[in-house]
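Trainee: When you get a sec, could you give me coordinates for this:
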Amino acid sequence: MVKERWPVIDTHYHTGVCLINTFDAEKELIPWMDKNGVDIQVIFQVNEGFVHKTPDWNPYIGNDYISRIQHKFPDRVIGLCTINPWLQAPKTYNWPKSKYGKEMDLPIRDEALEELERSILELGLWGIKLHPLEHDFEINNKSIIYPIMEKLTRLQEKCGRKLFVVVHCAGDSVNNTPTQLAQVAADFPDILFLMAHAGYMRAFGTAGDVAEGIDNLKLDLTLNVTPTTLKPTYEKEGAGKFVIGTDGPFDLATTKRLIVRDLTGEDDEEAVELVMGGNMAEYLGIPKIKYEEQEDENRGKISLAGN
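Mentor: As a prediction, this is how the structure comes out:
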């Protein structure tokens with residue numbers, strides 16, 4: 001008998017070889033996924049030492065590297081770019097005083113926006129990973145972040161596939177509170193935002209409240225080991241509000257299912273499937289996996305829409 005299940009889509013994995021991480025995804029990612037029951041893995045650069053274009057001196061960092069992994073495993077990997085939001089041209093002068101407010105006329109390019117376009121249209125990546133704490137910007141800064149989201153919205157229309165943004169949002173700085181991210185998500189309703197860590201641990205009291213009613217803002221339970229603080233939101237909005245990743249390779253994949261069952265309860269398999277990947281699959285247009293009942297369900301055929 002043929003059955004169906006949602007693919008397990010892990011939303012959070014850092015790949016690359018650098019001082020803080022030596023994970024060679026070309027060799028190690030698929031074996032890790034198979035071992036841990038992950039059908040599709042969302043990957044992005046390590047936060048520390050990220051670059052836009054992959055340099056000659058290290059072929060294992062940069063957005064080109066993320067794209068290379070995605071294209072090597074097109075049915076198993078979804079790549080996100082990392083960009084530096086500060087690398088944009090000022091629109092007007094603020095110094096000297098005689099030029100204050102006048103249009104900027106110096107030959108400065110919008111490197112961040114150019115890299116975003118290259119990443120989506122040329123490299124085929126599916127969105128952006130942002131880390132407001134480590135990269136030192138407010139996630140709701142309208143001068144820095146809003147031009148990026150406006151650009152991403154246009155790129156989504158142009159490329160014809162759903163894009164999304166993963167934002168480190170543990171509430172561990174004044175740059176990345178859930179309240180700030182909720183504002184951005186509300187202002188850009190056509191883009192899906194994943195609130196990575198769902199406010200754990202410093203904003204656990206507000207993450208659920210501010211996310212309620214914003215359909216394009218998912219609570220990402222990655223490393224949120226106290227999901228019961230989000231139980232009121234779960235009871236109001238259901239399993240469709242949540243996704244989860246591993247934060248690999250820095251954490252154990254076995255933690256995920258414990259977190260999800262702590263939120264959904266032990267017996268609601270449908271809810272577990274949605275949080276573990278079904279919600280992301282529905283958004284991205286990825287179909288359920290068909291498998292024979294007498295066979296191991298992990299042998300089902302996976303197909304990524306748009307690849």
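Trainee: Just to be sure, residue 156 is in a helix?
Mentor: Yes. Counting by DSSP: H, G, I helix; E, B strand; the rest coil, residue 156 is found in a helix.
Trainee: Number of residues surrounding the closest residue to it other than its chain neighbours?
Mentor: Counting by C-beta to C-beta, 6 or more residues apart in numbering, residue 163 is the residue found nearest to residue 156 once chain neighbours are left out, at 4.6 Å. All C-beta atoms are positioned from the backbone trio N, CA, C, and that covers glycine. Using other C-beta atoms under 10 Å as the criterion, residue 163 is surrounded by 20 other residues.
Trainee: Just the pLDDT at residue 163, thanks.
Mentor: With respect to pLDDT, residue 163 scores 99.
Trainee: Now do it against residue 238, distance only.
Mentor: Computed with C-beta to C-beta, to the nearest Å, the distance linking residue 163 and residue 238 is 24 Å.
Trainee: Can you list the residue ranges for strands in this protein?
Mentor: Using DSSP state E, the strands of the chain run over 2-5, 9-10, 14-17, 22-23, 40-45, 77-79, 81-82, 127-130, 164-168, 192-196, 217-220, 242-243, 289-292.
Trainee: which one of those is the most hemmed in?
Mentor: Mean neighbours per residue, mean count of other C-beta atoms under 10 Å, is largest over the strands of the chain for strand 242-243, with a mean of 30.
Trainee: what sits against the residue nearest to residue 182 when sequence neighbours are not counted?
Mentor: Take residue 182 and drop its neighbours on the chain: the residue closest to it by C-beta to C-beta, 6+ apart is residue 210, 4.1 Å away. Applying C-beta atoms under 8 Å, 6 or more residues apart in numbering to residue 210 gives the contacts 178, 179, 182.
Trainee: How many residues are close by the first one?
Mentor: For residue 178, the neighbour count with other C-beta under 10 Å is 28.
Trainee: And the residue lying closest to it once chain neighbours are set aside, how far from residue 198?
Mentor: Excluding the flanking residues, the one nearest residue 178 by C-beta to C-beta, 6+ apart is residue 207, at 4.2 Å. Using C-beta to C-beta, we find residue 207 at a distance of 5 Å from residue 198.
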